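# got a structure for you, letters missing:
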């Protein structure tokens, strides 16, 4: 598999592959590159609907120039525990971040969430996140506010009044419950329009069907999330010597 940066010809092949409706994996196979390389390239340069080979190539050259002219900084790689391979961890973080971006999450929010997911403590301060992600503290605060609104992150204060941003083991439960609440709000608002538009009109029928659909989906999500939480959520169990050990509620 060839190494090195993507060439302008590579980018033209990527653009043609997108135009032909090819999957990233197929484009990667034709270029003999990892699928993650193609995915990051496209998402970094406008996404599949806005990707342009020449613009992407010039943008990459500008980024490389800025990195080359910047004052070198100390590497910010955290010490790897448990004998982890640093390069493997970095590559996995890129893959996870790209996946979140493909599902609609903005770049910094995806990077921050991945950073918290792959931290053993599941919790970092604003300064730690800013250092690891190489962004400003206000950028961290903005990203956290976005993730909080989706039930993915919450804030805690320690004894020194420092704010920590945390993901819990049941983060996806919290996120799905937030999605169910959003669906309920959509249904409520849709029903408000039925009388305004006239109960027997096509527009009202459309809103009524919308309300029924999102209510059903929202209630189904909430029920499934509750059931899955009871089945799979793991609590620490205390042994006779007061040592916490994992215990599954599944029995």
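Noted; the coordinates are in hand. Bear in mind that the values here come from a model prediction, so they are computed numbers and not experimental data.

# which SS class is the nearest residue to residue 45 once chain neighbours are set aside?
Among residues not flanking residue 45 along the chain, residue 56 sits closest, at 3.9 Å (CB to CB, 6 or more residues apart in numbering). Quick note: C-beta positions are derived from backbone N, CA and C, even for glycine. What DSSP: H, G, I helix; E, B strand; the rest coil gives for residue 56 is helix.

# Tell me who's in contact with residue 56.
For residue 56, the contacting residues are 11, 41, 44-46, by CB atoms under 8 Å, 6 or more residues apart in numbering.

# Just the buried ones from the residues you listed?
11, 41, 44-45 (16 or more other CB atoms under 10 Å).

# Which member of those residues is positioned nearest residue 89?
Distances from residue 89 to these, taken as CB to CB, are shortest for residue 44 (20.3 Å).

# Please report how far that closest one lies from residue 63.
9 Å (CB to CB, to the nearest Å).

# which residues does residue 10 contact?
31, 33.

# Which of the buried ones among the contacts of residue 56 fall within helices?
Members of the buried ones among the contacts of residue 56 lying in helices (criterion: DSSP state H): 11, 41, 44.

# can you list the residues you listed in JSON lines and add pLDDT?
Listed next are these as JSON lines, based on pLDDT from 0 to 100:
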{"residue": "11", "pLDDT": "92"}
{"residue": "41", "pLDDT": "88"}
{"residue": "44", "pLDDT": "82"}
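
# Dump those into CSV; add distance to residue 116 as well.
Listed next are these as CSV, based on distance: CB to CB, whole Å:
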residue, distance to residue 116
11, 32
41, 25
44, 22
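
# and of these, the nearest to residue 214?
For these, the nearest to residue 214 is residue 44 (33.3 Å; CB to CB).

# Could you check how far the closest one is from residue 110?
Between residue 44 and residue 110 the computed distance is 12 Å (CB to CB).

# now swap in residue 210 and tell me
29 Å.

# and those two? which has more neighbours close in?
The neighbour count for residue 210 versus residue 110, taken as other CB atoms under 10 Å, is higher for residue 110 (22 against 16).

# Name the nearest residue to the more buried one, ignoring sequence neighbours.
That would be residue 100: by CB to CB, 6+ apart, it lies 3.8 Å from residue 110.
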